[in-house]
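**Q** From the sequence below, what's the structure:
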Amino acid sequence: MTPSIAALPMYDWPEVRAETDAQWSRIRGVLRDAGIGAPEALTRDTGDLYDFWRRPDILFAQTCWGPMGDGLAKEVHVIGQPDYSDVEGGEGELYRSVVLMRSDALDGEQQGSMAPSIASLSDMIRGRRFAYNVPDSMSGYLALQADLGSLDLFPEQIATGGHRASIRTVAAGRADVCAIDCRSWALAQRHEPAAAGLVPVGWTSPRKGLPYITGRQTPPETLTTMRAALLETGLIVA
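**A** This next block holds a predicted model:
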């Protein structure tokens with residue numbers, strides 16, 4: 001089977017689909033110039049992503065390190081890391097999650113405070129209701145859990161299914177705290193009205209951003225060529 005599918009689902013909000021298509025156009029051009037038959041268009045009908053990421057015919061896609069640590073890494077190859085330097089909280093291949101609360105839930109001294117470490121926020125967020133996208137999300141759940149050592153300080157944890165939904169859940173008062181990766185937060189500030197009622201109260205530690213992957217059936221020489229071409233053009237940084 002020749003790998004022939006491409007998808008960039010992780011930041012493909014409806015409002016920025018033209019930008020996602022332009023991103024793929026740049027990647028596709030680099031791959032084709034390197035002699036790799038990249039598909040013309042992105043696949044958006046992915047269905048369940050956990051099944052999609054395991055498709056053997058994926059040439060290029062993006063996933064999260066949470067599922068990678070939960071078995072996906074055995075079924076795909078990592079191509080490389082995108083650059084997060086264009087958004088606050090990102091630095092090269094590394095990204096952070098911003099911890100958000102409603103502005104009206106903080107006193108005057110706390111509003112807009114930027115703590116140097118998420119651990120220093122434990123007293124502020126203890127006893128609050130925590131909204132998260134999915135439990136194997138590095139940015140929405142696992143990073144905060146790792147930095148704090150445990151999420152037991154939250155008496156209630158509410159699964160929302162997505163970062164945007166978590167923002168809306170906190171803004172609506174159904175939860176008090178959420179952790180959102182820095183690129184999703186940048187998108188929310190542009191396109192999600194509920195974001196206006198939230199303020200950053202800290203950041204998680206830096207971790208590798210969402211990796212680009214290819215299917216296990218991609219030939220090793222194709223993987224090597226992809227990495228070299230994308231590195232040379234700055235479309236991956238590591």
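**Q** where do the helices sit along this protein?
**A** Using DSSP state H, the helices of the chain run over residues 17-33, 49-52, 65-68, 122-125, 143-148, 163-171, 182-191, 220-232.
**Q** nearest to Leu100, of those?
**A** With C-beta to C-beta, the closest approach to Leu100 among the helices of the chain belongs to helix 163-171: 6.3 Å. Backbone N, C-alpha and C define where each C-beta goes, glycine included.
**Q** relative to helix 182-191, how tilted is that closest one?
**A** 70 degrees (axes from the mean of the first three to the mean of the last three C-alpha atoms, to 10 degrees).
**Q** In CSV, list the C-alpha atoms belonging to helix 163-171.
**A** Provided in CSV are the C-alpha atoms of helix 163-171 (Å, rounded to 0.1, in the frame of the first residue of the first chain):
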residue,chain,number,x,y,z
HIS,A,163,-10.0,22.7,24.0
ARG,A,164,-12.6,25.0,22.6
ALA,A,165,-15.3,23.3,24.6
SER,A,166,-13.2,23.6,27.7
ILE,A,167,-12.9,27.3,27.2
ARG,A,168,-16.7,27.6,26.8
THR,A,169,-17.3,25.4,29.8
VAL,A,170,-15.1,27.7,32.1
ALA,A,171,-16.5,30.9,30.6
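**Q** what does that helix rub up against?
**A** With contacts defined as C-beta atoms under 8 Å, 6 or more residues apart in numbering, helix 163-171 is touched by 13, 100-102, 131-133, 139-140, 158, 160, 175-178, 180-181, 184, 188, 192, 194-195, 197-198.
**Q** Stretch 59-78 too?
**A** In contact with stretch 59-78 (C-beta under 8 Å, 6+ apart) are residues 3-10, 27, 31, 36, 38-39, 49-50, 52-54, 58, 79, 82, 134, 136-139, 141-142, 207-208, 210-216, 218, 223, 226.
**Q** looking at the protein, which helix or strand is least sure?
**A** helix 122-125 (a mean of 89; mean pLDDT, DSSP states H and E).
**Q** what sits against Met101?
**A** 125, 128, 170, 176-177, 198-199, 201.
**Q** so what's it scoring on pLDDT?
**A** With respect to pLDDT, Met101 has a value of 96.
**Q** and the gap between it and Ala165?
**A** 16 Å (C-beta to C-beta, to the nearest Å).
**Q** try Phe52
**A** 20 Å.
**Q** Next: Val134.
**A** 10 Å.
**Q** got it, and Val201?
**A** 20 Å.
**Q** pLDDT of stretch 9-17, averaged?
**A** The model assigns stretch 9-17 a mean pLDDT of 98.
**Q** same question but for stretch 51-63, I mixed them up
**A** Mean predicted confidence for stretch 51-63 is 96.
**Q** Pull out the buried positions in it.
**A** Buried positions in stretch 51-63, judged by neighbour count with 16 or more other C-beta atoms under 10 Å: 52-55, 58-63.
**Q** Present those residues as JSON lines; the columns should include distance to Asp70.
**A** Shown next, in JSON lines, are these (distance: C-beta to C-beta, whole Å):
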{"residue": "Phe52", "distance to Asp70": "15"}
{"residue": "Trp53", "distance to Asp70": "11"}
{"residue": "Arg54", "distance to Asp70": "12"}
{"residue": "Arg55", "distance to Asp70": "17"}
{"residue": "Ile58", "distance to Asp70": "18"}
{"residue": "Leu59", "distance to Asp70": "23"}
{"residue": "Phe60", "distance to Asp70": "22"}
{"residue": "Ala61", "distance to Asp70": "17"}
{"residue": "Gln62", "distance to Asp70": "17"}
{"residue": "Thr63", "distance to Asp70": "11"}
